[in-house]
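1. can't give you the sequence, but here's the structure:
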């Protein structure tokens, strides 16, 4: 008898003053659905964001929250009452307080179902999550496919889950929470199947132009992943815990074939690569670009998540452009050598700027990601980063985001702050995680910078970048005004402004 399984994506919580929020299909959940489909064809998908890709404020608790997606009541109403296994994805810790409320509604609707939770937040705080959400029976930690497959084999064979299963955190019959050893990573991604998108409300994303990157010409955007993990150990990033430092990459032809399928099946015109660090090996990106050029899929693609600069030079940048890449983000985080060393960001500022110049020379739209307010960061360090910001604007980068440091669970800096009693896992902490791009709220974790310092720096640094950009290349200002009027995104600033104006129109109508 086939098991009845439901996959649930919880809504996203954002700060009310955040400039924009990415509305993206949940590719991680689609990969897991492929595993589930090996055991049953009775699968229900509840993608709360895809079902309602709108931002609205709801009163739920002490503070009003700004929600992207469906409410907990709506999710529970959609859930099949006779479902036996429920998989809940919780990627971001800023969503946790509302995720707990979703879990309560799910348990009320399905009191006998096995509830399995996974995602980066769950991986970082498995015992805490199970203690604060008694509804969870099992947590899947890290890369989930092999662990989930073992769980379903357990259930199919024994009707229960082995409490010692690697890659899990399990609540036994006595209520004790047992965290098991980690599951080994998939070594060869040729063994990993493509995501299964059947049942996801993809047309809601496609028809409204949603995606993580820039929506060039109002096209249809699909997420894709070419590699997993990152070989670096930045102290503000949860990658070492979630993925370990193993970086492995798919064969270029396998990635191309997946892209070709989506072009034919969904009429996709743009691909957003969600890789943590897409370009590590120069030969891989060269081979991939040459494959796209040779086969001419007539698509564009982007690297909006941020990448490193070591493999992008005067040889690679022209290939990126010829192969259809139009937008990429660099993630230097800081322009202060001392801060870069403290956060273990193994990066050369000079090489980063040279790489940016190569991309700009080819007409690629380059975005720079900066983080301010690291522990031990001072005003001197911020001034050094201002100097770097000026250089990036001068060489021709089109976009800049300055976000405040947020101590995410699973990171080295989070553990340091927790041990120093500078973090308390309560509602205020999780709410403050949504402040990272806020223009009115801030939380400083540096002994040398106030909340006001963070807000001033974010505002001044961003204004300075765009002032220099428009002074040095004044035609961009006219392009900006034209593209906003035509609602045609070509860079992140235009995307943010078009999205913000759309939110205002939606609020006015409702």
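-> That came through fine. Please read all numbers here as calculations on a predicted model, not as lab measurements.

2. what sits against residue 300?
-> Counting by C-beta atoms under 8 Å, 6 or more residues apart in numbering, residue 300 touches 216, 219, 269, 270, 271, 324, 325, 326. Any C-beta I mention is one placed from the backbone N, CA and C, and that applies to glycine too.

3. which of the residues you listed has the most neighbours?
-> residue 271 (26 neighbours; other C-beta atoms under 10 Å).

4. Pairing partners for the host helix or strand of that residue, with directions?
-> Assigned by DSSP states H and E, residue 271 belongs to strand 270-273. Each strand paired with strand 270-273, and its direction, by DSSP bridges: strand 221-224 (parallel), strand 300-307 (parallel).

5. possible to save the contacts of residue 300 as TSV with pLDDT?
-> Below are these laid out as TSV (pLDDT from 0 to 100):
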residue	pLDDT
216	83
219	88
269	95
270	95
271	96
324	96
325	96
326	94
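
6. Closest to residue 204 out of the residues you listed?
-> Checking the contacts of residue 300 against residue 204 by C-beta to C-beta gives residue 219 as the nearest, at 15.4 Å.

7. mind listing what the closest residue in space to that closest one that isn't next to it in sequence touches?
-> Spatial nearest neighbour of residue 219, excluding adjacent residues (C-beta to C-beta, 6 or more residues apart in numbering): residue 269 at 3.5 Å. Counting by C-beta under 8 Å, 6+ apart, residue 269 touches 217, 219, 220, 221, 263, 299, 300.

8. How much space separates residue 269 from residue 50?
-> As for residue 269, its distance to residue 50 is 19 Å (criterion: C-beta to C-beta, to the nearest Å).

9. So in the protein, where's the weakest helix or strand by average pLDDT?
-> helix 492-509 (a mean of 74; mean pLDDT, DSSP states H and E).

10. next structured bit after the host helix or strand of residue 382?
-> Assigned by DSSP H and E, residue 382 falls within helix 379-395. Downstream of helix 379-395, the next assigned helix or strand under DSSP H and E is strand 399-404.

11. got a list of contacts for the next helix or strand after that next one?
-> Once strand 399-404 ends, the next helix or strand along the chain (criterion: DSSP H and E) is helix 412-419. The contact list for helix 412-419 (C-beta under 8 Å, 6+ apart) reads 124, 233, 235-236, 240, 343-344, 374-375, 405, 407-408, 423, 445.

12. For the stretch 251-400 of the chain, give me the ranges with low pLDDT.
-> Judged by pLDDT under 70, the stretch 251-400 of the chain has no weakly predicted residues.

13. Now do the helices in it.
-> With helices called from DSSP state H, counting those that start in this stretch, the stretch 251-400 of the chain shows them at 252-266, 282-295, 316-322, 337-342, 349-361, 379-395.

14. If you count contacts, what does the second one end up packed against?
-> Here helix 282-295 touches helix 252-266, helix 316-322, going by 3 or more C-beta pairs under 8 Å, 6 or more residues apart in numbering; DSSP states H and E.

15. Include distance to residue 382 when you put the strands paired with strand 270-273 into a markdown table, please.
-> Formatted as a markdown table, the strands paired with strand 270-273 follow (distance: least, C-beta to C-beta, whole Å):
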| stretch | distance to residue 382 |
| --- | --- |
| strand 221-224 | 34 |
| strand 300-307 | 20 |
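
16. closest one to residue 356 among these?
-> Between those, strand 300-307 lies closest to residue 356; by C-beta to C-beta that is 11.5 Å.

17. I'd like the distance from that closest one to the chain centre, please.
-> Its chain's C-alpha centre and that of strand 300-307 lie 12 Å apart, by C-alpha atoms, centre = their mean, to the nearest Å.

18. which neighbours does the host helix or strand of residue 169 have in its sheet, and in what orientation?
-> Using DSSP H and E, residue 169 sits within strand 168-171. Take DSSP bridges as the rule and strand 168-171 pairs in its sheet with strand 138-140 (antiparallel), strand 177-179 (antiparallel).

19. among those strands, which is the most enclosed?
-> Counting by mean count of other C-beta atoms under 10 Å, strand 138-140 has the highest mean neighbour count of the strands paired with strand 168-171, with a mean of 26.

20. Which residues belonging to the following helix or strand past that strand are considered buried?
-> As assigned by DSSP H and E, the chain's next helix or strand after strand 138-140 is helix 145-158. Residues of helix 145-158 classed as buried: 145, 146, 147, 148, 150, 151, 152, 154, 155 (neighbour count, 16 or more other C-beta atoms under 10 Å).

21. same deal with stretch 80-95?
-> 80, 83-95.

22. returning to that earlier point: narrow the contacts of residue 269 to just the buried residues.
-> In the contacts of residue 269, burial by neighbour count holds for 219, 220, 221, 263, 299, 300, counting by 16+ other C-beta under 10 Å.

23. How about the third one: what's its closest non-neighbour residue?
-> Meaning residue 221. Counting by C-beta to C-beta, 6+ apart, the residue nearest residue 221 is residue 211, at 3.4 Å.

24. That neighbour touches residue 270, doesn't it?
-> Yes. Residue 211 is within contact range of residue 270, at 7.0 Å (criterion: C-beta atoms under 8 Å).

25. Find residues that contact each of these two.
-> residue 221.

26. Nearest residue to residue 181 in space, please, no chain neighbours.
-> Nearest one to residue 181, counting by C-beta to C-beta, 6+ apart, is residue 166 at 5.1 Å.

27. three-state assignment of that neighbour?
-> coil (DSSP: H, G, I helix; E, B strand; the rest coil).

28. Name the residues of the biggest helix by length in the chain that come out as buried.
-> Longest helix of the chain, by residue count under DSSP state H: helix 451-472. Residues 453, 454, 455, 457, 458, 461, 462, 465, 466, 468, 469 are the ones in helix 451-472 that count as buried (16+ other C-beta under 10 Å).

29. One more: stretch 259-278?
-> So stretch 259-278, judged by 16+ other C-beta under 10 Å, has buried residues 259, 262-263, 268-278.

30. Now tabulate the residues you listed in TSV and tack on distance to residue 104.
-> Output for these, formatted as TSV (distance: C-beta to C-beta, whole Å):
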residue	distance to residue 104
259	40
262	37
263	42
268	38
269	41
270	38
271	37
272	33
273	36
274	30
275	35
276	32
277	37
278	38
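
31. any idea which of those residues is closest to residue 9?
-> Among the buried residues of stretch 259-278, and counting by C-beta to C-beta, the member closest to residue 9 is residue 274, at 14.9 Å.

32. what sits against that closest one?
-> Counted by C-beta under 8 Å, 6+ apart, residue 274 has contacts 24, 27, 212, 223, 224, 225, 305.

33. Can you get me a residue count around the closest residue to residue 358 other than its chain neighbours?
-> Nearest residue to residue 358 in three dimensions, chain neighbours excluded: residue 317, at 4.0 Å (C-beta to C-beta, 6+ apart). For residue 317, the count of nearby residues is 22 (other C-beta under 10 Å).

34. In a helix, residue 6, correct?
-> No. Counting by three-state DSSP, residue 6 is not found in a helix; it is strand.

35. beta partners of residue 64?
-> Here residue 64, judged by DSSP bridges, has bridge partners residue 59.

36. Residue 451 versus that one, what's the distance?
-> Counting by C-beta to C-beta, the gap from residue 64 to residue 451 is 20 Å.

37. Let's see the pLDDT reported for the nearest residue to residue 179 once chain neighbours are set aside.
-> Of all residues not flanking residue 179 in the chain, residue 169 sits nearest, at 4.6 Å (C-beta to C-beta, 6+ apart). pLDDT, residue 169: 97.

38. Perfect, that will be all.
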